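# Sequence first, then the predicted structure:
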Amino acid sequence: MLSNQGQAAEVVKILDPVSAAATVNATSGWVDVRKYEGDIIIVAQVGALTGTIAWTVEDATDGAGAGGAGFTGLLEGAFGAVTANNIQKRTIRARSTRGFIRIVGTIVTGPSLVAVKLLGHPKYTV
């Protein structure tokens, strides 16, 4: 990371900390990422865990989820197995999405304490 990137990065709450009993509770709304350049960092954190949760990222062409589909452009590959008190980071090239992303936490047995954040560098404008 360059010396100015940390200060210039925006932090966006994708999924507020929540005790998610089902997948619907661990699925975020659509986030507009068209304003970012370079890499977008997604940080998924799990606290107490009952059962299992699997993280995936989807992208779409608008904020309503038009054409929403699984996103396979994670630079580190898919999220790994989740354990209690676990944090995982995945990186996306901003230009590789169709403009909007969301996180889906598929919960088989809940609840799970979860939160997800995004860090992105806004495009430079004059």
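That came in fine, so what should we check first?
# and the longest strand anywhere in the chain, what other elements does it pack with?
Using DSSP state E, we find that the single longest strand of the chain is strand 36-49. On a contact count with 3 or more Cβ pairs under 8 Å, 6 or more residues apart in numbering; DSSP states H and E, strand 36-49 meets strand 53-60, strand 86-93, strand 100-107, strand 112-122. All C-beta spots, glycine's among them, are computed from the backbone N, C-alpha and C.
# Out of the ones you listed, the one nearest residue 30 is which?
Nearest to residue 30, of all the helices and strands packed on strand 36-49, is strand 100-107, at 4.5 Å by Cβ to Cβ.
# Next, find the distance separating residue 65 from residue 79.
Distance check for residue 65 against residue 79: by Cβ to Cβ, to the nearest Å, it reads 20 Å.
# strand partners of the helix or strand that residue 13 is a member of, parallel vs antiparallel please.
For residue 13, the host element (DSSP states H and E) is strand 10-20. Strand 10-20 has the following sheet partners, assigned by DSSP bridges: strand 112-122 (antiparallel).
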